[in-house]
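[1] coordinates for the following, if possible.
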Amino acid sequence: MLDIKFVKENPEIVKENIKKKFQDEKLPLVDEVILLDQRIRELKLTGDNLRRERNATSDEIGALMRDKKADEAYQKKQRVVEINDQLVHIEKEENELSETLKSKMMIIPQIIDDSVPIGKDDSENVEIEKFGDLVVPDYEIPYHADICEALNGLDKESAGRTSGNGFYYLMGDVARLHSAMLSYARDFMIDKGFTYCVPPFMIRSDVVTGVMSFAEMDAMMYKIENEDLYLIGTSEHSMIGKYKGQIVKEEELPITLTSYSPCFRKEVGAHGLEERGLYRVHQFEKQEMVVLCKPEEAMDWYHKMWSYTVEFFRSLDVPVRTLECCSGDLADLKVKSCDVEAWSPRQQKYFEVGSCSTLGDAQARRLGIRAKGENGNYLLSTLNNTVIASPRGLIAVIENNVNEDGSINVPKVLQPYMGGKEKIQLK
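    Alright, predicted model coming up:
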């Protein structure tokens, strides 16, 4: 959410940013919020003047009563009643307009970084860099679900009976490989100096609206019936919400956290849930990294964070590339974002396995997260990035390590998490 002061002082910049995101339907909001803010300020001024008059009139009533001027005191009391009635209406209108202003401000997109490429949607994202040699073996690689099923490692049929489409059972060594990747991701980030966390897996609505846009919330979040609670779609939601309404000591910055959680997503408006595979599902597990830092340090952390994900996947012998998200593919709270994509030797193309974003002060402003500095309090910048989300990451490891006989080579860094097992064999 932008600062209303910034919007008033830079309306054309805000409008141009909306155009860059191809959201022209939001252009009228800029003038609307400026007029709303003006009206709210007028109401505040009127209310303040009336309160001063009321206080002065109350003093006069006391003096008149002491002088036994009851009639004049009565007239003054009537004026106090009138003022109180006026204040009720003014405060009601002020509160209503303030809520309207807030709701409109929350859908005006964050100002994107100058380096973000301009484009309408993800088809116009820009490749930045590739890491690792692309290998396509001389034998056919089966679909990942077929590989897992042959190893007795995947059961979607039973999950369909218990939970419906978009769910799955991972079994045996495939499930163990999945867990090994998450454990390795945890330790990988701890070694980078991040603090490991396991957060709440449900959050209240005021946290949800603080960390994401309304459109994202409707498309992603599962609501708990008859409770003000939502299942998290990523642990970033809980981790940023941890600091809601807090003033952080500047000497504690940057705050660097790596968090594990299951994640739950409705996938409304997505490309559809697969009947057989694990690319797009309602439930998955994720190791995330979250940083809260000084605004001037945000871009440095952004580049560090996505590079950690690249390093992580390269340690698993998975070739990856980074893809710069264009303006039209950025969620409204994001300043800049890139995807990390893994190489699929079966499809001979890349697919997304992680996303890194800097959100400026958008989440901090919504949630009231500040730091106490020498020159007063200021809003923090927040960033998040995927270390690994599995089963997406599991697919990447399986496809890049599957042998012609259907067995899977366990990457060396994962072997200690699998009791030294070097290969997952057909039984």
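[2] please make it C-alpha for all contacts and neighbour counts, starting now.
    OK.
[3] list the contacts for the closest residue to D329 other than its chain neighbours?
    Leaving aside its chain neighbours, D329 sits nearest to D121 (4.9 Å; criterion: CA to CA, 6 or more residues apart in numbering). Contact partners of D121, counting by CA atoms under 8 Å, 6 or more residues apart in numbering, are C326, S327, G328, D329.
[4] equivalent analysis for S261, please.
    V198, P199, F201, T234, S235, E285, K286, Q287.
[5] you'd agree the last one is in a helix?
    By that I understand Q287. No: counting by DSSP: H, G, I helix; E, B strand; the rest coil, one finds Q287 to be strand, located in no helix.
[6] per-residue pLDDT of it, please?
    We have a pLDDT of 98 for Q287.
[7] can you pull out the strands in the stretch 51-200 of the chain?
    126-131, 154-155, 169-170, 195-197 (DSSP state E, counting those that start in this stretch).
[8] so for the first one, mean pLDDT?
    When pLDDT is averaged over strand 126-131, the result is 97.
[9] cool, stretch 172-184 as well?
    Mean predicted confidence for stretch 172-184 is 97.
[10] now do the buried residues in that stretch.
    Going by neighbour count (16 or more other CA atoms under 10 Å), the buried part of stretch 172-184 is D173, V174, A175, L177, H178, S179, A180, M181, L182, Y184.
[11] just stretch 288-296 next, same as before
    For stretch 288-296, by 16+ other CA under 10 Å, it's E288, M289, V290, V291, L292, C293, K294.
[12] which one of these is nearest to D71?
    D71 lies nearest to K294 out of the buried residues of stretch 288-296, by CA to CA, at 62.9 Å.
[13] next, work out how far apart the closest residue to that closest one other than its chain neighbours and P109 are.
    Spatially, and ignoring its direct neighbours in sequence, K294 is nearest to L380 (5.6 Å; CA to CA, 6+ apart). Distance of L380 to P109, computed by CA to CA, to the nearest Å: 18 Å.
[14] next one: D329
    Using CA to CA, one obtains 12 Å as the distance from D329 to P109.
[15] so for these two, which sits in the more crowded spot?
    With neighbours defined as other CA atoms under 10 Å, D329 and P109 compare such that P109 has more, 24 against 20.
[16] name the SS class of the closest residue to the more buried one other than its chain neighbours, please.
    The shortest distance from P109 to any non-neighbouring residue, by CA to CA, 6+ apart, is to D332 (4.4 Å). Three-state assignment for D332 (three-state DSSP): coil.
[17] list the contacts of D332.
    I107, I108, P109, Q110, S213.
[18] helices of this protein, residue ranges please.
    4-9, 11-20, 27-66, 70-105, 144-150, 156-162, 172-191, 205-211, 214-220, 235-241, 298-314, 362-367, 392-401 (DSSP state H).
[19] how about stretch 360-373 as CSV, C-alpha atoms only?
    The C-alpha coordinates for stretch 360-373 follow below in CSV (Å, rounded to 0.1, in the frame of the first residue of the first chain):
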residue,chain,number,x,y,z
GLY,A,360,9.3,-2.5,-0.5
ASP,A,361,7.4,-1.2,2.4
ALA,A,362,4.0,-2.5,1.2
GLN,A,363,3.5,-5.2,3.7
ALA,A,364,5.2,-3.2,6.5
ARG,A,365,2.8,-0.3,5.9
ARG,A,366,-0.3,-2.5,6.0
LEU,A,367,0.8,-4.4,9.1
GLY,A,368,2.5,-1.5,10.9
ILE,A,369,6.0,-2.9,11.0
ARG,A,370,8.7,-0.3,11.8
ALA,A,371,12.2,0.1,13.0
LYS,A,372,13.4,2.6,15.6
GLY,A,373,16.3,4.6,14.2
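[20] could I get the average pLDDT for that stretch?
    The model assigns stretch 360-373 a mean pLDDT of 96.
[21] buried residues of that stretch, list them for me.
    By neighbour count on 16+ other CA under 10 Å, the buried set for stretch 360-373 is G360, D361, A362, Q363, A364, R365, R366, L367, G368, I369, R370, A371.
[22] one step back: tell me the spacing between the residue nearest to P109 and P11.
    Noted for D332: a distance of 17 Å to P11, by CA to CA.
[23] again with M220
    M220 is 31 Å from P11, by CA to CA.
[24] which one's more surrounded, those two?
    M220 (20 against 17).
[25] show the pLDDT at that one.
    On the pLDDT scale, M220 is placed at 85.
[26] got a list of what it touches?
    Counted by CA under 8 Å, 6+ apart, M220 has contacts G233, F264, R265, K266, E267, V268.
[27] ok, now how distant is it from H282?
    Applying CA to CA, one obtains 9 Å for the distance of M220 from H282.
[28] mind listing the shared neighbours of these two?
    By CA under 8 Å, 6+ apart, the residues touching both M220 and H282 are F264, R265, K266, E267.
[29] as TSV, the residues you listed with pLDDT would be great.
    Shown next, in TSV, are the shared contacts of M220 and H282 (pLDDT from 0 to 100):
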residue	pLDDT
F264	95
R265	91
K266	89
E267	73
